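1. Pasting a predicted model and its sequence here:
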Amino acid sequence: MQRCAALVLGLAIWLGAPSLAGSAPDTSIRPVSRPTQSQSAIQVSRSLPLGLTRSVRPVARAARLADPITPEPRAPGFDRWAHEFRARALSQGIRPAVFDTAFAQVAFLPEIVELDKSQSEFSKQIWDYLDSAVSVARVSAGQRALQETRDTLRAIERRYGVDAEIVAAIWGLESSYGALRGSTDTLSAMASLAFDGRRRAFFETEIIAALRILQSGQVRLAQLRGSWAGAMGHTQFMPTSFLAHAVDGNRNGRKNIWGDDPTDALASTANFLRENGWTCGQPWGMEVRLPRGFDVGQSGERIKKNAAHWNAAGVRLVDGGRIPDHGPSSILLPAGADAAAFVIFDNFQVLETYNPADAYVIGVGHLADRIAGGAALHGSWPRQDRALTRTEKVELQNRLNRAGFPPGKYDGIIGPNTIEAVRRYQASVGAVPDGYANLQLLRRLR
């Protein structure tokens with residue numbers, strides 16, 4: 001793409017520029033002190049458009065709560081866990097004063113633990129998720145956000161080689177373009193989840209990362225707020241992601257993903273994708289039509305072919321065009337052979353490093369396409385199917401194993417190993433081996 005071809009020139013210009021806002025301060029979102037409604041080009045406190053009531057995140061990371069969580073000052077064993085954790089944190093370089101100041105106001109949040117336990121029991125079907133993720137309201141808000149931050153997002157695109165629309169789409173799904181960044185105390189949320197124990201090692205690592213951020217002076221303790229699961233800022237970085245990928249996009253000496261100015265968060269998101277292998281100018285994926293008699297055994301992320309192979313097999317874009325050559329690609333059937341189909345490229349896997357759920361990646365990619373003026377999806381969905389609960393997914397995995405098709409883990413996550421096991425089972429019973437796990441398949445296994 002032309003914009004991508006201009007990356008080297010744009011990078012040279014950026015290196016001599018005072019900020020990502022470039023030379024057009026009248027449209028920049030870089031604030032002078034704290035912006036007022038009349039000063040700021042973007043105000044995250046604005047009212048949400050009708051139908052855009054919350055951020056969207058499937059399965060892998062749950063959506064933020066709109067209201068603060070009520071703390072429970074004491075829980076049996078919580079103080080003991082905090083005391084023991086203090087020693088572990090100090091052994092990893094956290095200064096005693098930093099830990100003690102931060103934990104002086106940390107409280108156990110029982111609602112957080114309940115949310116974490118119950119959230120994994122249910123997940124939306126991909127079509128229900130996309131109805132919200134790429135709603136008319138979210139597309140319209142994204143186009144407006146892109147227009148209002150055009151200079152900043154285009155400068156980020158030139159600097160990092162990641163499409164402005166992709167960055168805007170992540171912003172839209174993670175926090176509704178900054179309007180819903182989360183108000184839960186980050187340390188209390190993660191301490192509650194660490195104390196609960198189900199994912200203690202994960203959350204203790206994230207708490208130490210958050211303490212490192214505080215220790216570095218990048219954020220004040222009062223600002224350290226976000227989602228109930230610890231994700232923070234406009235694009236919902238976990239603390240470890242902040243340490244690894246956050247950048248000072250507006251060059252004011254701080255990496256501030258929490259404030260009203262989204263520049264640092266947007267630049268950090270682009271940097272995250274670049275450092276995870278984003279290929280400039282390559283699509284995430286494209287919707288396709290499969291020919292009659294297509295061998296669905298060739299579908300799935302693990303099977304990669306070049307464009308010539310798919311074109312020779314009769315796969316076409318929904319407008320009838322041939323699949324362009326953007327390197328190795330796969331055919332993805334997220335809801336089976338009779339639903340919408342996609343050809344996906346390596347950038348799909350890069351987006352999975354931000355959130356591994358296929359629904360999320362397709363949501364980001366399709367929202368980015370719609371923000372850029374693209375059309376809605378053409379394919380249909382099996383809307384009569386309900387989502388399997390986590391308990392049913394675990395049962396499905398166990399029954400696959402008993403039938404001789406081990407899926408790997410029995411964790412209730414329908415990932416590549418389970419999909420492959422479903423394919424092999426479907427082929428063994430004469431069904432279409434598209435890897436689609438639904439209630440009908442579970443009943444057949446029963």
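-> Noted; the coordinates are in hand. Residues are numbered from 1 along each chain as shown.
2. C-alpha from now on. contacts and neighbour counts both.
-> OK.
3. what's the burial count for residue 303?
-> Residue 303 is flanked by 13 other residues according to other Cα atoms under 10 Å.
4. what sits against the closest residue to it other than its chain neighbours?
-> Nearest residue to residue 303, sequence neighbours excluded (Cα to Cα, 6 or more residues apart in numbering): residue 330, at 5.9 Å. Going by Cα atoms under 8 Å, 6 or more residues apart in numbering, residue 330 touches 299-305, 343-345.
5. Doesn't residue 330 lie inside a strand?
-> Yes - under DSSP: H, G, I helix; E, B strand; the rest coil, residue 330 falls within a strand.
6. What confidence value was assigned to it?
-> For residue 330, the pLDDT comes out at 98.
7. most centrally placed residue in this structure?
-> With distances taken as Cα atoms, centre = their mean, the residue of the chain nearest its centroid is residue 355 (3.9 Å).
8. Would you agree residue 237 is in contact with residue 231?
-> Yes - counting by Cα atoms under 8 Å, residue 237 touches residue 231, with 5.1 Å between them.
9. quick one: low-confidence parts of the stretch 301-446 of the chain?
-> Within the stretch 301-446 of the chain, no stretch has pLDDT under 70.
10. quick one: the helices in it?
-> Secondary structure of the stretch 301-446 of the chain by DSSP state H, counting those that start in this stretch: the helices cover 307-312, 346-352, 358-371, 390-402, 416-428, 439-445.
11. Return the set of buried residues in the second one.
-> Buried residues in helix 346-352, counting neighbours by 16 or more other Cα atoms under 10 Å, are found at 346-352.
12. Can I get it as CSV, trimmed to CA atoms?
-> In CSV, the C-alpha atoms belonging to helix 346-352 read as follows (Å, rounded to 0.1, in the frame of the first residue of the first chain):
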residue,chain,number,x,y,z
ASP,A,346,0.3,-13.7,9.3
ASN,A,347,-1.0,-10.4,10.8
PHE,A,348,-4.0,-12.4,12.1
GLN,A,349,-1.6,-14.2,14.4
VAL,A,350,0.1,-10.9,15.4
LEU,A,351,-3.3,-9.7,16.6
GLU,A,352,-3.7,-12.9,18.5
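13. Could you check how many residues crowd around residue 376?
-> By the criterion of other Cα under 10 Å, residue 376 has 12 neighbours.
14. so what's it closest to, chain neighbours aside?
-> Residue 376 sits nearest to residue 370 (Cα to Cα, 6+ apart), 7.1 Å away.
15. I'd say that neighbour and residue 140 touch.
-> No - counting by Cα under 8 Å, residue 370 does not reach residue 140; the two are 9.0 Å apart.
16. Give me the more crowded residue out of those two.
-> Taking other Cα under 10 Å, residue 370 and residue 140 do not tie; residue 370 has more neighbours (23 against 15).
17. Let me see the contact set for that one.
-> Residue 370 is in contact with 134, 139, 376, counting by Cα under 8 Å, 6+ apart.
18. quick one: residue 238 and residue 208, what's the gap?
-> From residue 238 across to residue 208, the span is 12 Å (Cα to Cα, to the nearest Å).
19. Next SSE downstream of the longest helix along the chain?
-> If you go by DSSP state H, the chain has its longest helix at helix 200-216. Following helix 200-216 in sequence order, the next helix or strand is strand 225-226 (DSSP states H and E).
20. which residues are in contact with that following strand?
-> 64, 181-186, 232-233, 236, 258.
21. Please list the members of these that lie in strands.
-> 184-185 (DSSP state E).
22. and the contacts of strand 225-226 as CSV, adding pLDDT and distance to residue 158?
-> Converted to CSV, the contacts of strand 225-226 look like this (pLDDT from 0 to 100; distance: Cα to Cα, whole Å):
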residue, pLDDT, distance to residue 158
64, 39, 31
181, 95, 26
182, 94, 30
183, 94, 32
184, 96, 34
185, 97, 35
186, 97, 33
232, 97, 25
233, 97, 23
236, 97, 23
258, 96, 24
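23. out of the contacts of strand 225-226, who's nearest residue 271?
-> Closest approach between the contacts of strand 225-226 and residue 271, by Cα to Cα: residue 236, at 14.1 Å.
24. May I ask you to confirm that the closest one is in contact with residue 175?
-> Yes - if you go by Cα under 8 Å, residue 236 and residue 175 touch, sitting 7.3 Å apart.
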